[in-house]
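J.: fold the following and give me the result.
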Amino acid sequence: MQCDIRLADETELLLPGTKCILALGEYAAHKVLPSTIQDNIGMTRGGLYDYKGIPVICSFLPQDAVDFKNYESQFNSSASDYSPDDKVSDDDEDEGDVKTFGKTKRANYCFWLRADVRKCKAILAKGLVGARGNIVAPIYRINEQLSTVISLLLTTKHETLYLDIETDYEQQNLQCFAFTFDGLTIYSVPVLDYTYKPASPSVHLLLRALAVAMRDNVVVAHNGACFDFFVLANKYGIPINNTYDTMIAMHRCFPDIEKSLGHCTSYWTWEKFHKDEDSRGYHTYEQMMSRMKYCAKDVYTMYLIKQGIDAYAKTIPGLQSSIQAAMDCIKPYLIATLQGIRSDEKKINAMCAENDRLMVQYNRMIEILIGPSGMEKIRDGKKKLSFFAGSNKQCIKYFHELLEYPIMMRSKETGEPSLGKKSLYKLALKHANPVITLVCMYRAVQKETSRLRFTPWK
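T.: The predicted structure is shown next:
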């Protein structure tokens, strides 16, 4: 009864004493924050904004949070600000780059809406200062003198080192890195300048100091197990000792929820979205400075995320030990990744040869089950064309055109019917057709062969 619920196009002034604004949906967010809003509500939601001195939290529309499909864009002609479903095809299982912002699955909209409403309720109950806590603005030391940085890295022992690195995409060359020990002063230093030459004659001493700091402190990184720690060890010979990965910790807290740094920032902190501030290039001095600032912000938000996870883990019985068990696995798994595994080339070749024979037989059985008349229609006038179970096009012709089975899913890129693994499983539940089973068996063997034929680690 103490909420003023209004449409986004309302022109009347806010009620006196309004403590917080919850802007739901892109349209409402653009109306309230026309100059600061991001293009995508998924990038803006969760951050703390200001409208005439009143705190603003943006989030998804409640209707979107309960609809498993984007019915608004399908049936509402005025819903031009709605983005298409993230999960149209079952062929795309990528959650996006976990170090940037990634995508938010429609199935998780409800979770994120609850999280954003919780922030709004905290402001109503405690006020903005009480809800945020005593947060001190960080001090960013961008391109600090190397002597200062090297001394700090060499002399700090038995502390927590929050670290983030930035590399290029092609060769994983280390461009710069940022770190902090106390979460208040964040240092960001270049390793390569924008001409791709060493940023200083003392770069080798800087990397040595970083190696010492990683040896003597607990190192915290986001997705460090798969990226930061791997790159530093594989390309620069800097090993790890005691590590903590905030992405893995987030997974232990909420296994089904997005784990990108942008998502974690929106959940555990009050910071605005900054993952679009990266220069995306490293060819000018301005781009170099921009990337170092961006890297420093990553470190600061990661520091806040770690504090939030630590506090939350204390409230859930067994969660602290679960997170620690995951952290204990980082080093042995990384060592296994770097060293590779022993493999028997003869056995691999024998397995691939057997799989090839199996795929030929599966195809032959499918053609017998389809029958000559069915194969004639699939050939579509071509004389010599056998059925290929791995072909999405031929499977669509048989299941959807010849048998007129309903379409389970469509491709996100083309809008055409898609017969990936999940679609085939759905068809199998509705139709007792052995061809579906054989197609699944064929594709399973085909996938096993592709994974067996890996490039040996040199």
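J.: quick one: buried residues of the lowest-mean-pLDDT helix or strand in the chain?
T.: Ranking every helix and strand in the chain by mean pLDDT, DSSP states H and E puts helix 71-75 at the bottom, with a mean of 77. For helix 71-75, a neighbour-count test (16 or more other Cβ atoms under 10 Å) marks residue 72 as buried. Heads up, the C-betas are built off the backbone N, CA and C, glycines and all.
J.: make 806 the starting number, not 1.
T.: Noted, 806 is the first residue going forward, which turns the last one into helix 876-880.
J.: so residue 1024, which of the three states?
T.: Secondary structure, DSSP: H, G, I helix; E, B strand; the rest coil: residue 1024 is strand.
J.: and it, how close does it get to residue 1034?
T.: Using Cβ to Cβ, to the nearest Å, we find residue 1024 at a distance of 8 Å from residue 1034.
J.: mind listing the shared neighbours of the two?
T.: By Cβ atoms under 8 Å, 6 or more residues apart in numbering, residue 1024 and residue 1034 have these common neighbours: 1045, 1048.
J.: packing partners of the least confident helix or strand of the chain?
T.: With contacts defined as 3 or more Cβ pairs under 8 Å, 6 or more residues apart in numbering; DSSP states H and E, helix 876-880 has no helix or strand neighbours.
J.: which helix or strand lies directly C-terminal to it?
T.: As assigned by DSSP states H and E, the chain's next helix or strand after helix 876-880 is helix 914-937.
J.: contacts for that following helix, please.
T.: If you take Cβ under 8 Å, 6+ apart as the criterion, helix 914-937 is touched by 824-825, 827, 850-851, 853, 860, 862-865, 867, 869-871, 909, 1059, 1062, 1068, 1071-1072, 1075.
J.: and residue 903, what pLDDT?
T.: Here the pLDDT value assigned to residue 903 is 48.
J.: try the one 5 residues further on
T.: Predicted confidence (pLDDT) at residue 908: the value is 83.
J.: is it true that it touches residue 1063?
T.: Yes - counting by Cβ atoms under 8 Å, residue 1063 is a contact partner of residue 908 at 7.5 Å.
J.: between these two, which has more neighbouring residues?
T.: Legend: neighbour count by other Cβ atoms under 10 Å for residue 908 and residue 1063, higher for residue 1063 (23 against 19).
J.: check which helix or strand covers that one.
T.: Using DSSP H and E, residue 1063 maps to neither a helix nor a strand.
J.: next up, phi/psi of it, please.
T.: Main-chain dihedrals, residue 1063, degrees, to the nearest 10: phi -60, psi 150.
J.: I'd say it and residue 851 touch.
T.: No - Residue 1063 sits out of contact with residue 851 when judged by Cβ under 8 Å, with a separation of 11.5 Å.
J.: isn't residue 827 right next to residue 864, touching?
T.: Yes - look at residue 827 against residue 864 with Cβ under 8 Å: they come within range, at 6.8 Å.
J.: neighbour count: those two, which is higher?
T.: Relative neighbour count places residue 864 above the other of residue 827 and residue 864, with 28 against 21, counting by other Cβ under 10 Å.
J.: spatially nearest residue to the more buried one (excluding sequence neighbours)?
T.: Spatially, and ignoring its direct neighbours in sequence, residue 864 is nearest to residue 921 (3.7 Å; Cβ to Cβ, 6 or more residues apart in numbering).
J.: report the separation between that neighbour and residue 1116.
T.: According to Cβ to Cβ, residue 921 stands 19 Å off from residue 1116.
J.: same check on residue 932?
T.: In this view, residue 932 and residue 1116 are 20 Å apart by Cβ to Cβ.
J.: quick one, which of those two is more surrounded?
T.: Using other Cβ under 10 Å as the criterion, residue 932 and residue 1116 rank with residue 932 on top: 13 against 10.
J.: from residue 861, how far out is the more buried one?
T.: 15 Å.
J.: can you map out the strands along the stretch 1006-1155 of the chain?
T.: Using DSSP state E, counting those that start in this stretch, the strands of the stretch 1006-1155 of the chain run over 1023-1026, 1047-1050.
J.: give the pairing partners of the first one; include direction for each.
T.: When you say that, I think you mean strand 1023-1026. Sheet pairing here is set by DSSP bridges, and for strand 1023-1026 it gives strand 965-972 (parallel), strand 1047-1050 (parallel).
J.: what's that strand in contact with?
T.: Applying Cβ under 8 Å, 6+ apart, the contact partners of strand 1023-1026 are 964-969, 1032-1034, 1045-1051, 1107-1108, 1111.
J.: may I see the buried residues of it?
T.: For strand 1023-1026, the neighbour count (16+ other Cβ under 10 Å) marks 1024, 1025, 1026 as buried.
J.: avg pLDDT for it?
T.: In the prediction, strand 1023-1026 has an average pLDDT of 98.
J.: what stretches of the stretch 856-1005 of the chain score poorly on pLDDT?
T.: Applying pLDDT under 70 to the stretch 856-1005 of the chain flags residues 882-907.
J.: try it again at 50.
T.: Where the stretch 856-1005 of the chain drops to pLDDT under 50, the residues are 889-901, 903.
J.: picking that back up, make CSV out of the strands of the stretch 1006-1155 of the chain and add distance to residue 978.
T.: Listed next are the strands of the stretch 1006-1155 of the chain as CSV, based on distance: least, Cβ to Cβ, whole Å:
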stretch, distance to residue 978
strand 1023-1026, 18
strand 1047-1050, 22
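J.: show me what counts as buried in the longest helix along the chain.
T.: When the chain is parsed with DSSP state H, its longest helix is helix 1150-1184. Across helix 1150-1184, burial judged by 16+ other Cβ under 10 Å covers 1160, 1163, 1164, 1167, 1168, 1170, 1171, 1172, 1175, 1179, 1180, 1183.
J.: excluding sequence neighbours, find me the nearest residue to the last one.
T.: In space, and not counting its chain neighbours, residue 1183 is closest to residue 1202: 5.2 Å by Cβ to Cβ, 6+ apart.
J.: that neighbour in helix, strand or coil?
T.: At residue 1202 the chain is in helix, as set by three-state DSSP.
J.: burial count for it?
T.: When neighbours are counted by other Cβ under 10 Å, residue 1202 registers 18.
J.: what's the pLDDT at it?
T.: Value listed for residue 1202 in the pLDDT field: 87.
J.: with just CA atoms, put the least confident helix or strand of the chain into PDB.
T.: Below are the C-alpha coordinates for helix 876-880, written out as PDB (Å, rounded to 0.1, in the frame of the first residue of the first chain):
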ATOM      1  CA  TYR A 876       5.200 -13.400 -26.200                       C
ATOM      2  CA  GLU A 877       5.400  -9.600 -26.100                       C
ATOM      3  CA  SER A 878       7.400  -9.200 -29.200                       C
ATOM      4  CA  GLN A 879       5.300 -11.900 -30.900                       C
ATOM      5  CA  PHE A 880       1.800 -10.500 -30.100                       C
END
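J.: how far does it sit from its chain's centre?
T.: Distance of helix 876-880 from its chain centroid, counting by Cα atoms, centre = their mean, to the nearest Å, is 27 Å.
J.: now stretch 1197-1213
T.: Computed by Cα atoms, centre = their mean, the separation of stretch 1197-1213 from the middle of its chain amounts to 33 Å.
J.: could you tell me the end-to-end distance of that stretch?
T.: End-to-end distance for stretch 1197-1213, by Cα to Cα, to the nearest Å: 13 Å.
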